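Participant: compute the structure for the input listed below.
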Amino acid sequence: MSTMSVNRITNVNANSPAIQVHGFLVEERLLNAREVAAKLGVSERFIRDHTTRRWPRIPGVKLGKLVRYRVCDVDLFMAELHNHASSQRSPYRV
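Facilitator: Got it, this is the predicted structure:
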């Protein structure tokens, strides 16, 4: 293991879960529907609705009866909406 890898590992909080992505150790905390709704500026009902539909869908992680969300999945959801043609403004609109 290189010293660069060791530095990456030591920067992670010992109390938080971490995952390894492309050789990097990334700290990840799962969000609940209320936190995701606050982050996106929408209602919790909107988040729960978009967890169960086909598209656009926010992938959820089921933990028993609970559903939690990865920050990276929420960010990807927003990026997909931004890149979708219907969410962009028409250049012919005044």
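Participant: now the helix ranked longest in the chain: buried residues?
Facilitator: Secondary structure assigned by DSSP state H gives helix 71-83 as the longest helix of the chain. By 16 or more other Cβ atoms under 10 Å, the buried positions in helix 71-83 come out as Asp73, Val74, Phe77. To be clear about C-beta, it is placed using only N, CA and C from the backbone, and glycine gets the same treatment.
Participant: and the nearest residue in space to Leu31 that is not next to it in sequence, what does it touch?
Facilitator: Leaving aside its chain neighbours, Leu31 sits nearest to Tyr69 (4.7 Å; criterion: Cβ to Cβ, 6 or more residues apart in numbering). By Cβ atoms under 8 Å, 6 or more residues apart in numbering, the contact list for Tyr69 reads Leu30, Leu31, Asn32, Ala33, Glu35, Val36, Ile47, Thr51, Ile58, Pro59, Gly60, Val61.
Participant: please repeat the previous calculation with a cut-off of 6 Å.
Facilitator: Taking Cβ atoms under 6 Å, 6 or more residues apart in numbering, we find Tyr69 in contact with Leu31, Val36, Gly60.
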